[in-house]
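got a predicted structure here, sequence first:
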Amino acid sequence: MKTRGILVAAAILAAATFFVACGGAAGPVATQPAGSVLVTANLNKFAPTSVSAPADEAFTIWFENQENTPHNVRVADAAGATVGEPGPIFNGPAAQPLAVPALAAGTYTLLCDVHPDMRADLVAAN
């Protein structure tokens with residue numbers, strides 16, 4: 001019987017650790033890095049609908065999925081080609097950084113691969 005109690009306690013601890021590690025209900029699990037561009041997903045929309053970043057410099061998008069719906073963020077150029085690597089698809093509430101390579105000056109589109117109607121503008125400017 002003692003072994004069963006230990007196994008139950010271990011299972012509860014594992015479940016609690018998983019819940020906290022996966023974001024739980026407490027909101028994003030990490031802190032936005034200084035200098036990053038904040039983009040959020042809520043109600044199947046990006047906010048803000050337009051963000052800016054420096055042209056010709058790599059930067060980070062801090063992506064906060066504020067709902068328990070899978071989302072990601074991907075940068076596309078004017079022709080629709082993906083620039084850099086798309087961010088991972090994940091449920092929220094949680095947050096993840098997305099490293100974006102240096103972009104030439106211009107307007108790009110932020111997209112969600114799960115919800116094609118989710119779009120925002122990314123303006124790279126000097």
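Okay, I see it. Numbering: from 1, shown residues only.

the nearest residue to E57 once chain neighbours are set aside and N126: what is the separation?
By the measure of C-beta to C-beta, 6 or more residues apart in numbering, the closest residue to E57 outside its immediate chain neighbours is A102, 5.5 Å from it. Bear in mind the C-beta positions are built from the backbone N, C-alpha and C, glycine included. The span separating A102 from N126 equals 12 Å under the rule C-beta to C-beta, to the nearest Å.

common neighbours of those two, please.
Taking C-beta atoms under 8 Å, 6 or more residues apart in numbering as the contact rule, A102 and N126 both touch A55, D56.

rewinding a little: surely the residue nearest to E57 is in contact with A58?
Yes: counting by C-beta atoms under 8 Å, A102 does reach A58; the two are 5.0 Å apart.

I'd like the next helix or strand past the lowest-mean-pLDDT helix or strand in the chain.
Least confident helix or strand, the chain: helix 2-21 with a mean of 41, by mean pLDDT, DSSP states H and E. Along the chain past helix 2-21, the next helix or strand (assigned with DSSP states H and E) turns out to be strand 37-42.

may I see the buried residues of that next one?
Burial within strand 37-42, assessed by neighbour count using 16 or more other C-beta atoms under 10 Å, is assigned to V37, V39, T40, A41.

got it, and stretch 109-122?
In terms of neighbour count (16+ other C-beta under 10 Å), stretch 109-122 has its buried residues at L110, L111, C112, D113, H115, M118, A120, L122.

cool, thanks, signing off.
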